[in-house]
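Participant: Could you look at this predicted model? Sequence included:
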Amino acid sequence: MKSAITLCQVPEASAGPFVFHQPLVESFATAKKLGYDAVELFFPSADYISVDDVLTLANEHELSIAAVGTGAGMVKHGLSLTDQRSSIRAAALKFILEMVEFGGQLGAPAILGSMQGKWNEQVSREQALSYLADSLREAGKAAAAHDVSFIYEPLNRYETNLINHLAEGAEFLKDHQLENVVLLADLFHMNIEETDVAQAIRDAANYVGHVHFADSNRLAMGLGHTNPTPIIEALKEIGYRGYLSAEVFPQPSPEQCAAQEMQAILEALS
Ligand code: LER
Ligand code: MN
């Protein structure tokens, strides 16, 4: 398993669970200094910075790009893949596919989190899940052209009412035969929703493609009450070789948070 840390350049998400909000050069340098293997990027859109400029930063600091988030499509542009308006759904899918292209050129998968939206009085659960499946199919196909997966993230009940558990996510991907789409195990969401986080990981073994390594309170691992040991054992057991990515609140400070998370990752993997 490898380590990654989140870098956010979206002002609308300045209070979100992302560690570094500083200029990219500074953030890349600190991530490298603290021993991270990779960074996970949260940008306002796919044209925020050129692929070449990101590659230059990555090469200079010997960091990989673990993944690119798409949440700005929701928090900045108000887009959702399950919106009742077809124009918004189309714009949402366009945004996601642009992020898939951007990430793909960096060898990184894109993540669908908050842009999955919610079902409501205007859009039934069945209809919303059908929209979601159609978009995941497109995104999986587009990602395959770059030899990366597309990552779908079940969220906790306060963020979506579509899919809250890893098992439901795995079943959804299987039932709809969604190729090249994997699941994100965000330990914060799972702490709220799963009966047993480690067992949920084992049960979704073939689908786990990325991990947000957050403690129960969404602080760096070690600052809440999650015991990471059985979770790491489960990840080892299923042969997970991807990232443990620090999508956590930058407390008590971004640097202290990043150092704490790195220490927890090193302990977990030792
Ligand atoms: C995104 O990875 C995520 O976990 C969401 O909770 C962000 O709102
Ligand atoms: Mn997450």
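Facilitator: That came through fine. Ligands and ions are numbered 1, 2, ... in the order given.
Participant: okay, residue 9: pLDDT?
Facilitator: Per-residue confidence at residue 9 stands at 98 (pLDDT).
Participant: Do a quick rundown of the strands in this structure.
Facilitator: 2-8, 38-42, 64-69, 110-112, 150-152, 181-186, 208-212, 243-246 (DSSP state E).
Participant: quick one: residue 160 from residue 170, how far?
Facilitator: Separation of residue 160 from residue 170 (CB to CB, to the nearest Å) stands at 16 Å. No exception for glycine: its C-beta is placed from N, CA and C like everyone else's.
Participant: Check residue 177 too.
Facilitator: In terms of CB to CB, residue 177 sits 13 Å off from residue 170.
Participant: Name the residue in the two with the higher neighbour count.
Facilitator: Ranked by neighbour count (other CB atoms under 10 Å), residue 177 and residue 170 place residue 170 first, with 21 against 8.
Participant: hmm, back to that, adding distance to residue 166 and mean neighbour count, write the strands of the chain out as JSON lines.
Facilitator: Shown next, in JSON lines, are those (distance: least, CB to CB, whole Å; neighbours: other CB atoms under 10 Å):
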{"stretch": "strand 2-8", "distance to residue 166": "20", "mean neighbour count": "25"}
{"stretch": "strand 38-42", "distance to residue 166": "19", "mean neighbour count": "26"}
{"stretch": "strand 64-69", "distance to residue 166": "17", "mean neighbour count": "24"}
{"stretch": "strand 110-112", "distance to residue 166": "15", "mean neighbour count": "27"}
{"stretch": "strand 150-152", "distance to residue 166": "11", "mean neighbour count": "27"}
{"stretch": "strand 181-186", "distance to residue 166": "6", "mean neighbour count": "26"}
{"stretch": "strand 208-212", "distance to residue 166": "7", "mean neighbour count": "24"}
{"stretch": "strand 243-246", "distance to residue 166": "16", "mean neighbour count": "28"}
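Participant: Ligand 1: which of the ones you listed is closest?
Facilitator: For the strands of the chain, proximity to ligand 1 was assessed by CB to the nearest ligand atom; strand 181-186 is nearest, at 4.7 Å.
Participant: Any regions of the stretch 1-150 of the chain where pLDDT drops low?
Facilitator: Within the stretch 1-150 of the chain, no stretch has pLDDT under 70.
Participant: in it, which spans are helices?
Facilitator: For the stretch 1-150 of the chain, applying DSSP state H, counting those that start in this stretch gives helices covering 24-33, 51-60, 72-75, 86-105, 125-144.
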